[in-house]
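# need a structure here:
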Amino acid sequence: MSRFHDIIAQDKPTLVDVFATWCGPCKTMHPILEDIKRRVGDRATIIKVDIDQNEALARQYGIQSVPTLMIFKQGELVWREAGVHSADTMVQTLERLM
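The predicted model follows:
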């Protein structure tokens, strides 16, 4: 958990994908996240957090459905939505925060 907090504390935005291995829409997000990473490169960090292996984190952030996408900057939650989102939407959101 401390590693998570170190990652989200960065100056650059961190996109967190809270997912579950059994979740169909979460599987849909995987290639979208790959596309986002290719497009933003090192200007943002993208991490995946398995809700079943990180229940305390899920409780801390009140995660009730997966996938839930969150963007942190300097440790602060600056954007959050549940569901599948397009790469274009996510890249635009990240670029506004860079």
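# do you know how far Arg96 is from Thr21?
31 Å (CB to CB, to the nearest Å). Where you see a C-beta, it was placed from the backbone N, CA and C, and this is true even at glycine.
# Return the residues in contact with Ser65.
Shown in contact with Ser65 (CB atoms under 8 Å, 6 or more residues apart in numbering): 82-83.
# which SS class is it?
With DSSP: H, G, I helix; E, B strand; the rest coil as the basis, Ser65 sits in coil.
# Got phi/psi on it?
phi -150, psi 160 (degrees, to the nearest 10).
# Now do it, the pLDDT please.
Looking at Ser65, its pLDDT stands at 95.
# same deal with Gly41?
Value listed for Gly41 in the pLDDT field: 96.
# number of nearby residues for the residue nearest to Tyr61 when sequence neighbours are not counted?
Setting aside the residues directly before and after it, Tyr61 is nearest to Met70 in space (CB to CB, 6 or more residues apart in numbering), at 6.9 Å. Counted with other CB atoms under 10 Å, the neighbours of Met70 add up to 19.
# residues contacting Met70?
With CB under 8 Å, 6+ apart, Met70 has these contacts: 15-16, 18, 61, 77, 79-80.
# Can I get these in JSON lines including secondary structure and neighbour count?
Shown next, in JSON lines, are the contacts of Met70 (DSSP: H, G, I helix; E, B strand; the rest coil; neighbours: other CB atoms under 10 Å):
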{"residue": "Leu15", "secondary structure": "strand", "neighbour count": "23"}
{"residue": "Val16", "secondary structure": "strand", "neighbour count": "22"}
{"residue": "Val18", "secondary structure": "strand", "neighbour count": "24"}
{"residue": "Tyr61", "secondary structure": "coil", "neighbour count": "16"}
{"residue": "Leu77", "secondary structure": "strand", "neighbour count": "12"}
{"residue": "Trp79", "secondary structure": "strand", "neighbour count": "16"}
{"residue": "Arg80", "secondary structure": "strand", "neighbour count": "15"}
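# Kindly reformat those residues as CSV containing distance to Lys27.
Shown next, in CSV, are the contacts of Met70 (distance: CB to CB, whole Å):
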residue, distance to Lys27
Leu15, 17
Val16, 17
Val18, 14
Tyr61, 21
Leu77, 25
Trp79, 22
Arg80, 21
